[in-house]
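Peer 1: Here is a sequence with its predicted model. Questions after.
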Amino acid sequence: MIVQSRDFIETVDGLLFAAINGEIHFLRYFPAADGDRVRSGASYAKAASTDASFNYLEQNYPEYIFKRDCLRLQRCPHDKIKSIFRPAEKLQRLRASDTGLAKKCTHLSDVFNAVPAENKGVTGSILVDLATPISDIDFVIYGRKYLDLARGILRNSQETLGLDRKSWKQYYQKRLPGGGELGFEDWLWYEKRKYNLGKIDGTLFNLLLVDDEINLAIGRRVKKMKIRCRVVDASQAFNVPAVYKVEHKLVDTVVSFTHTYAGQAIEGEQIEVFGMLETTADRGHRIIVGTTREAGGEYIKVVHMARGA
């Protein structure tokens, strides 16, 4: 069974994983008697953090944890997969639903009508029927050219789809509850120029790219490191993971596994990066930002903008 980024996997144990890519997955929901979400009559809880996710698996299902070059990762073995949920298929089914959230997803799909039906979908809690009335819409776009098209539509629709300051603050507090490495005003500057966040009928939505899978060479961790470098290629800045090719005396690539730093910089900009230095099998060096989902202490910041940006 082929698993793609943004798909969800249901296991024979009733666990629900988000697919980071074909081989790496992340536990998002699990059955729990005291869970605050309900699916098919069963209660579910959401894994609140990276640590919480690993702790739950270690105590209950350690077979879903594996190591790669001393890194702890999560994966659903093929014999544990019960079902795979596809964002594009879900979006089509929502057209037959009369729930408020389904209607908003359909409305959003119509806003991006220039994107073919097979190139858009919904993921996250909506995909696996665990959404609440206040859930955001994680809207998936397949293909970089269609993401650019959707971002252009959103850029030109700020009066109707843009966020007000109160909404930006609410999202910031949800995304970075401890403040992270970016204060609100700094964070807002980055987010406003990405054009991948908006509101539809009062509900927040994200535009999420699924493109060709990024295959990274196996790396070996060296140490935490801070560098300044120039971005020479940001064509994969919205991928999973986000990849920035950079000009630096040691490091040639910056990789972000956290959505916070997707689309963070463009070609020609000077950036400051703090993350984990790795050496790769092809003798290259890269810095990883997002060694945990929360990326505590790690960041990508623009220190000098590109001309015309």
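Peer 2: Cool, the structure landed.
Peer 1: and residue 135, how many neighbours does it have?
Peer 2: By other C-beta atoms under 10 Å, the residues close to residue 135 number 15. Using the backbone N, CA and C atoms, a C-beta is placed for each residue, glycine as well.
Peer 1: What of the one 10 residues further on?
Peer 2: A count of neighbours around residue 145, defined by other C-beta under 10 Å, yields 11.
Peer 1: Check residue 4 too.
Peer 2: Residue 4 has 16 neighbours, counted by other C-beta under 10 Å.
Peer 1: How about the contacts made by it?
Peer 2: Counting by C-beta atoms under 8 Å, 6 or more residues apart in numbering, residue 4 touches 19, 21-22, 86, 210, 213.
Peer 1: And the residue positioned nearest the centre of the chain, how far from residue 230?
Peer 2: The geometric centre of the chain, computed from its C-alpha atoms, lies nearest to residue 259 (C-alpha atoms, centre = their mean), at 4.3 Å. Using C-beta to C-beta, to the nearest Å, one gets 24 Å for the distance from residue 259 to residue 230.
Peer 1: again with residue 179
Peer 2: As judged by C-beta to C-beta, residue 179 and residue 230 stand 28 Å apart.
Peer 1: Quick check: the residue lying farthest from the centre of the chain vs residue 227, distance?
Peer 2: Ranked by distance from the centre of the chain (C-alpha atoms, centre = their mean), the top residue is residue 249, with 29.7 Å. Note on residue 249: its distance to residue 227, by C-beta to C-beta, is 9 Å.
Peer 1: helix/strand/coil for residue 240?
Peer 2: Assigned by DSSP: H, G, I helix; E, B strand; the rest coil, the conformation of residue 240 is coil.
Peer 1: Got the confidence number for it?
Peer 2: pLDDT recorded at residue 240 is 89.
Peer 1: and the residue lying closest to it once chain neighbours are set aside, what is it in contact with?
Peer 2: Excluding its sequence neighbours, the residue lying closest to residue 240 (C-beta to C-beta, 6 or more residues apart in numbering) is residue 5, at 4.8 Å. Neighbour list for residue 5: 19-22, 210, 213, 240 [criterion: C-beta under 8 Å, 6+ apart].
Peer 1: May I ask which of these has the most neighbours?
Peer 2: For the contacts of residue 5, neighbours tallied by other C-beta under 10 Å; top is residue 210, 27 neighbours.
Peer 1: Mind splitting this protein into its structural domains?
Peer 2: 8-85, 87-210, 219-304 (automatic domain parsing).
Peer 1: and the end-to-end length of the last one?
Peer 2: Taking C-alpha to C-alpha, to the nearest Å, domain 219-304 runs 29 Å from one end to the other.
Peer 1: Figure out how far it is from the centre of its chain.
Peer 2: On the basis of C-alpha atoms, centre = their mean, to the nearest Å, domain 219-304 is displaced by 16 Å from the centre of the chain it belongs to.
Peer 1: just so I have it, where are all the strands in the stretch 151-300 of the chain?
Peer 2: Along the stretch 151-300 of the chain, counting by DSSP state E, counting those that start in this stretch, strands occupy 197-200, 203-210, 219-236, 242-247, 253-256, 270-280, 285-289, 299-304.
Peer 1: need those in JSON lines with distance to residue 47, can you?
Peer 2: What follows is those, written out as JSON lines (distance: least, C-beta to C-beta, whole Å):
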{"stretch": "strand 197-200", "distance to residue 47": "23"}
{"stretch": "strand 203-210", "distance to residue 47": "19"}
{"stretch": "strand 219-236", "distance to residue 47": "24"}
{"stretch": "strand 242-247", "distance to residue 47": "22"}
{"stretch": "strand 253-256", "distance to residue 47": "21"}
{"stretch": "strand 270-280", "distance to residue 47": "22"}
{"stretch": "strand 285-289", "distance to residue 47": "21"}
{"stretch": "strand 299-304", "distance to residue 47": "23"}
